[in-house]
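Peer 1: any chance you can model this:
(one chain, ligands or ions: 1)
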Amino acid sequence: MAIPPETIEQIAAANDIVEVIGSYFPLKRAGANFKALCPFHQEKTPSFTVSPQRQTFHCFGCGVGGSVFRFVMDYEHVDFPEAVHKLAGRAGIPIVEQRREEKGREHEARRALLKLHADAAEWFHENLIKRELGASGRDYLKKRGIKSEVAKAWKLGYAPDSWSGFCEWANGQGYGRPQILASGLVKLREDQHGDSDFYDRFRNRLMFPIFNDVGEVIAFSGRVLNGDSGAAKYINSPETPLFRKGHVLFGLHKTKRALIEANSAIVCEGQLDLIALFEAGIQNVVAPQGTAFTEYQARVLKRFVDEVVLCFDSDLAGQKATERSLAALLQNDLLIRVAVMPPGEDPDSLVRKSGRQKFEELITSAPDFFDFWIEKKTTTADLRSMGAKMQVARDLASTLANVREPIMRGEVIHKIAARLGIRAADFERLVNENSSTRVGSPDSTGDVSVPVPLPSHEIAMLCLLALRSEEARAFLREQNWREALSNIPDTELLAKILEANLDPSDPASLNLFQTTLTPSEESVVSGWMLQKLPANPAEVAREWWNGLQRAILRRQLEVAESRLRSPNLSTGEIVQLQKQVLDLRGQLHDLRPFSSARAREP
Ligand code: ZN
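Peer 2: Below is the predicted model of the structure:
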């Protein structure tokens with residue numbers, strides 16, 4: 001989309017929202033606003049409201065709302081560019097799409113890189129399927145029991161055992177040096193004269209193309225054929241304009257449908273596990289690219305499913321690896337169950353040996369993660385010993401600290417406390433201590449960065465003020481809001497509002513801002529647009545902001561003080577923590593609410 005923001009703002013200014021909506025159905029004046037029966041939900045009394053001053057619509061019944069663009073998109077079922085074009089046409093504004101050339105060049109480079117990846121995938125694949133140099137790759141497939149249809153379906157390939165096989169092929173295909181370098185399929189080396197040359201990144205490896213979710217090849221993962229060569233088992237393409245590490249879930253382009261239908265994802269470690277399960281008919285599977293789940297991957301997964309089933313190796317090392325995924329998954333409110341593989345088996349070998357039904361039984365009977373975890377910890381530790389009990393409680397608290405969803409958190413806290421025979425309130429305190437030490441530096445005396453849970457109405461009030469009042473907005477933007485908000489969950493929208501270059505008194509600029517939001521953010525914002533503003537917004541903003549600062553400081557103080565109580569601190573650490581406590585108390589003192597500050601003055 002290359003329509004410049006100034007043009008969008010101009011189009012918003014030229015289309016009065018009351019006139020636009022009024023041209024679709026009649027609006028009735030009600031005080032400062034206009035009302036109608038909502039076209040987006042069934043109702044008998046009108047809650048659909050249009051504000052000529054704010055140039056916004058909002059339905060107090062179903063919650064939809066937003067800019068004039070949002071209305072046209074939702075009412076006419078068109079996308080954003082089309083809504084912009086329609087409204088531009090209505091107002092007679094020509095749209096000059098700028099930077100087309102620049103966009104074009106970018107697009108062109110991307111297209112070329114995609115083509116190189118598609119061609120490379122084909123070449124690797126043909127090496128594996130029919131060329132003589134691919135014999136060792138084919139032996140490996142045979143050993144792993146991978147049929148050639150499966151190799152075709154996943155476009156598996158083979159990178160020859162050579163330093164220049166790929167380079168020579170790519171040169172021969174007419175790909176230039178910059179393109180080949182940009183693909184990441186080669187590496188640069190410099191000789192002692194400073195001349196550089198490149199060589200194949202993937203050598204003597206089974207190649208798994210990594211697809212994006214529309215099925216284009218964007219990178220590769222290469223697996224060694226024999227494990228004892230000392231080389232890394234898997235290597236992946238580096239980051240390129242096409243490929244962001246930690247963003248891709250292997251197999252998603254094929255498994256999306258099944259994930260949505262099952263509302264549950266079976267998570268396995270390797271590409272071969274995933275392929276074996278998929279080909280056996282178990283298709284709601286993902287693999288996080290050989291590493292632990294990242295925040296981003298967990299968020300992507302949450303769009304498709306509410307639950308994941310982790311396939312745990314029966315050995316400890318495998319479990320440790322899987323446990324590293326827990327934080328990201330729990331933070332995204334995914335329910336987790338755990339399927340432990342029988343000793344010596346992985347999903348690939350198990351489904352081959354025992355078949356689909358047995359594997360599905362294992363998945364169906366997989367226990368809830370926390371049940372599994374409590375069971376495991378309490379069978380290996382002697383809970384009659386206070387020390388062991390404390391250790392188990394600490395371990396569990398540190399994992400549980402990732403869960404933000406309050407109902408789930410409360411439920412698990414009670415379950416664990418009952419099982420360990422400790423008071424739920426005590427255990428909850430332990431969990432909260434862990435939540436507060438999670439963010440920030442790992443050493444015990446470093447700067448404390450603490451997530452501060454705040455009632456959402458405080459954040460909402462600050463959003464309202466930052467959107468609607470020039471003075472409040474100016475005040476807030478002068479504060480260290482970026483740093484402060486990074487400590488507080490669920491403040492992305494407030495950050496967007498403060499970040500944006502918007503003018504609270506100009507409805508067109510507010511309309512432009514709303515086009516940068518998601519539909520649900522836009523409906524929230526449109527609600528704020530119609531709310532009453534306090535009489536003295538700047539003062540209110542100052543008060544709420546100081547309150548928020550105090551909450552952050554109090555939380556940091558709590559953490560520092562509790563660290564000070566922990567055993568085995570060195571003298572240096574104690575001194576540093578005491579300094580920190582004094583400093584935080586001083587800062588808190590300076591931020592006292594005005595009235596009490598004055599009352600204490602002599
Ligand atoms: Zn409605």
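
Peer 1: just the CA trace of the helix or strand where Ala417 lies, in CSV.
Peer 2: Mapping Ala417 onto the secondary structure by DSSP states H and E places it in helix 406-420. Only the C-alpha atoms of helix 406-420 are listed here, as CSV (Å, rounded to 0.1, in the frame of the first residue of the first chain):
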residue,chain,number,x,y,z
PRO,A,406,-5.5,-15.1,36.3
ILE,A,407,-8.0,-18.0,36.5
MET,A,408,-5.5,-20.6,35.2
ARG,A,409,-2.8,-19.2,37.6
GLY,A,410,-5.1,-19.3,40.6
GLU,A,411,-6.2,-22.8,39.9
VAL,A,412,-2.7,-24.2,39.5
ILE,A,413,-1.5,-22.4,42.6
HIS,A,414,-4.2,-24.1,44.7
LYS,A,415,-3.6,-27.5,43.2
ILE,A,416,0.2,-27.3,43.8
ALA,A,417,-0.2,-25.9,47.3
ALA,A,418,-2.6,-28.7,48.3
ARG,A,419,-0.3,-31.3,46.9
LEU,A,420,2.8,-30.0,48.7
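
Peer 1: buried ones in it?
Peer 2: Residues of helix 406-420 classed as buried by neighbour count (16 or more other C-beta atoms under 10 Å): 409, 412-413, 416-417, 419-420. C-beta coordinates here come from the backbone N, C-alpha and C atoms, glycine included.

Peer 1: the following helix or strand past it vs helix 406-420, what angle?
Peer 2: The helix or strand immediately downstream of helix 406-420 is helix 424-438, counting by DSSP H and E. Direction vectors for helix 424-438 and helix 406-420, defined by axes from the mean of the first three to the mean of the last three C-alpha atoms, to 10 degrees, enclose an angle of 120 degrees.

Peer 1: buried set for the helix or strand following helix 424-438?
Peer 2: Per DSSP H and E, the first helix or strand lying C-terminal to helix 424-438 is helix 456-468. Neighbour-count burial for helix 456-468, with 16+ other C-beta under 10 Å as criterion, is recorded at 459-468.

Peer 1: what about the stretch 251-400 of the chain, any weak spots by pLDDT?
Peer 2: For the stretch 251-400 of the chain, the stretches flagged by pLDDT under 70 are 290-291, 316-319, 321.

Peer 1: pull stretch 218-227 out as CSV, backbone CA atoms only.
Peer 2: In CSV, the C-alpha atoms belonging to stretch 218-227 read as follows (Å, rounded to 0.1, in the frame of the first residue of the first chain):
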residue,chain,number,x,y,z
ILE,A,218,12.1,-19.0,2.2
ALA,A,219,15.1,-20.9,3.8
PHE,A,220,16.6,-24.3,4.3
SER,A,221,17.4,-26.6,7.2
GLY,A,222,20.2,-29.2,6.6
ARG,A,223,20.6,-32.3,8.6
VAL,A,224,23.9,-34.3,8.8
LEU,A,225,23.7,-37.8,7.4
ASN,A,226,25.8,-39.4,10.0
GLY,A,227,25.7,-38.2,13.6
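
Peer 1: contacts for that stretch next, please.
Peer 2: Residues outside stretch 218-227 that contact it (C-beta atoms under 8 Å, 6 or more residues apart in numbering) are 114, 117, 120-121, 124, 136-137, 140, 157, 159, 184-185, 202, 204-212, 231-237, 240, 242-243, 248, 250, 271-272, 289-290.

Peer 1: I'd say Arg70 and Ser520 touch.
Peer 2: No: if you go by C-beta atoms under 8 Å, Arg70 and Ser520 don't touch, sitting 11.3 Å apart.

Peer 1: quick one: which of those two has more around it?
Peer 2: Here Arg70 and Ser520 are compared on neighbour count by other C-beta atoms under 10 Å; more neighbours surround Arg70, at 23 against 11.

Peer 1: drop anything exposed from the contacts of stretch 218-227.
Peer 2: 114, 117, 120-121, 124, 137, 140, 157, 159, 184-185, 202, 204-212, 234-237, 240, 242-243, 248, 250, 271-272, 289-290.

Peer 1: filter these down to the ones in helices?
Peer 2: Counting by DSSP state H, the part of those found in helices is 114, 117, 120-121, 124, 137, 140, 271-272.

Peer 1: could those be laid out in CSV, adding distance to Ala366?
Peer 2: Written out in CSV, the entries for those read as follows (distance: C-beta to C-beta, whole Å):
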residue, distance to Ala366
Leu114, 39
His117, 36
Ala120, 39
Ala121, 35
Phe124, 36
Gly137, 35
Tyr140, 31
Gln271, 22
Leu272, 21
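
Peer 1: and which of these is nearest to Cys59?
Peer 2: Using C-beta to C-beta, Leu114 comes nearest to Cys59 of those, at 42.3 Å.

Peer 1: what sits closest to that closest one if chain neighbours are left out?
Peer 2: Glu216 (5.6 Å; C-beta to C-beta, 6 or more residues apart in numbering).

Peer 1: and that neighbour, how far from Pro288?
Peer 2: Counting by C-beta to C-beta, to the nearest Å, the separation of Glu216 from Pro288 is 20 Å.

Peer 1: more crowded one of these two?
Peer 2: Remark: of Glu216 and Pro288, Pro288 carries more neighbours, 22 against 16, as counted by other C-beta under 10 Å.

Peer 1: in the stretch 101-250 of the chain, what residue lies closest to the ion?
Peer 2: Asp213 (32.2 Å; C-beta to the ion).

Peer 1: what about that residue, how many neighbours?
Peer 2: Taking other C-beta under 10 Å as the criterion, the count of residues near Asp213 is 12.

Peer 1: tally of neighbours for Glu492?
Peer 2: Glu492 - counted by other C-beta under 10 Å - has 10 other residues nearby.

Peer 1: so how far is Gly527 from it?
Peer 2: Here Glu492 is placed at a distance of 17 Å from Gly527 (C-beta to C-beta).

Peer 1: sorry, back to before: let me see the contact set for the residue of the stretch 101-250 of the chain closest to the ion.
Peer 2: Neighbour list for Asp213: 252-253, 256 [criterion: C-beta under 8 Å, 6+ apart].

Peer 1: for those, which one is nearest the ion?
Peer 2: Closest to the ion out of those is Lys256 (30.9 Å), distances taken as C-beta to the ion.

Peer 1: could you find the closest non-adjacent residue to the residue nearest the centre of the chain?
Peer 2: Within the chain, one residue has its C-alpha closest to the average C-alpha position: by C-alpha atoms, centre = their mean, that is Tyr296, at 3.2 Å. With sequence-adjacent residues excluded and distances taken as C-beta to C-beta, 6+ apart, Tyr296 is closest to His247, at 5.3 Å.

Peer 1: who are the contact partners of the closest residue to the ion within the stretch 151-300 of the chain?
Peer 2: Evaluated by C-beta to the ion, the stretch 151-300 of the chain has Ile260 as its residue closest to the ion, separated by 26.9 Å. Counting by C-beta under 8 Å, 6+ apart, Ile260 makes contact with 304-305.

Peer 1: which strand or helix spans it?
Peer 2: Take DSSP H and E as the rule and Ile260 turns out to sit in helix 252-262.

Peer 1: and that helix, which residues are buried?
Peer 2: Of the residues in helix 252-262, 252, 254-256, 258-259, 262 count as buried by neighbour count, 16+ other C-beta under 10 Å.

Peer 1: ok, now stretch 266-286?
Peer 2: 266-280, 282-286.

Peer 1: can you check stretch 18-36 too?
Peer 2: Of all the residues in stretch 18-36, those buried under the rule 16+ other C-beta under 10 Å are 18, 20-21, 27, 33-36.

Peer 1: about what we covered before: would a markdown table of the buried residues of helix 456-468 with pLDDT be doable?
Peer 2: Shown next, in a markdown table, are those (pLDDT from 0 to 100):
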| residue | pLDDT |
| --- | --- |
| Ile459 | 83 |
| Ala460 | 85 |
| Met461 | 88 |
| Leu462 | 92 |
| Cys463 | 93 |
| Leu464 | 92 |
| Leu465 | 94 |
| Ala466 | 95 |
| Leu467 | 94 |
| Arg468 | 94 |
